[in-house]
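Chemist: Please work out how this folds:
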Amino acid sequence: MSSTDDSDRIFKALADHRRRHILDLLKDSPKTTGALCAAFPDLDRCTVMQHMRVLEAADLIIVQRKGRERWNYLNALPIKKIHDRWIGEYAENAVNMLDRLKSDLETPPN
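Modeler: Below you'll find the model as predicted:
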C-alpha cells in the first residue's frame, strides 16, 4: 500500500462532517459504538456504522471488542503524518524566523 493510497483514504474519511464529529467525540476518551450512535439521533445505527467503517479503513479509529461491547479509540497517528508531510516544514520555517526575530530584537545596536 502506497502512502498516496493511505492519504487518499484519510482525506476521504475526513471529508465528511459526521466522521469528523465522530473523531471529535473520541478525542477525549474511547466510546462504545452504542454511545457514538446515540450522538447522532438523526441517523440510524447502520449509517453511523458505515461512517465508522470508513474511519476504520483509514486507520483513524481502532476498534476493540470487550465482551458484547465494541470500543472505539481515536488513532491520531495518520493525521500527524499528514501534518508532518504538509505543515511540519512550514512550521519549522516559521519557528526559525521567530527565533531570528527574537535574536535581532534582543541584540543591542552597535
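Chemist: For the rest of this, base every contact and every neighbour count on C-alpha atoms.
Modeler: Noted.
Chemist: What separation is there between Arg53 and Lys81?
Modeler: To Lys81, Arg53 is 21 Å away according to C-alpha to C-alpha, to the nearest Å.
Chemist: Which one's more surrounded, those two?
Modeler: The neighbour comparison of Arg53 against Lys81 (other C-alpha atoms under 10 Å) goes to Arg53, with 16 against 13.
Chemist: Need the three-state assignment for the more buried one.
Modeler: Of the three states, Arg53 takes helix under DSSP: H, G, I helix; E, B strand; the rest coil.
Chemist: So if we follow the domain assignment, how does this structure break up?
Modeler: For the chain, the structural domains run 1-75, 77-110, going by automatic domain parsing.
Chemist: list the buried ones in the shortest one?
Modeler: So that's domain 77-110. Within domain 77-110, the residues that qualify as buried are 78-79, counting by 16 or more other C-alpha atoms under 10 Å.
Chemist: Can you give me the end-to-end span of that domain?
Modeler: Its first and final residues considered, domain 77-110 spans 48 Å by C-alpha to C-alpha.
Chemist: Could you pull out the strands in the protein for me?
Modeler: 31-32, 61-66, 69-74 (DSSP state E).
Chemist: Serialize those to TSV and add fields for mean pLDDT and mean neighbour count.
Modeler: Listed next are those as TSV, based on pLDDT from 0 to 100; neighbours: other C-alpha atoms under 10 Å:
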stretch	mean pLDDT	mean neighbour count
strand 31-32	98	19
strand 61-66	96	15
strand 69-74	97	18
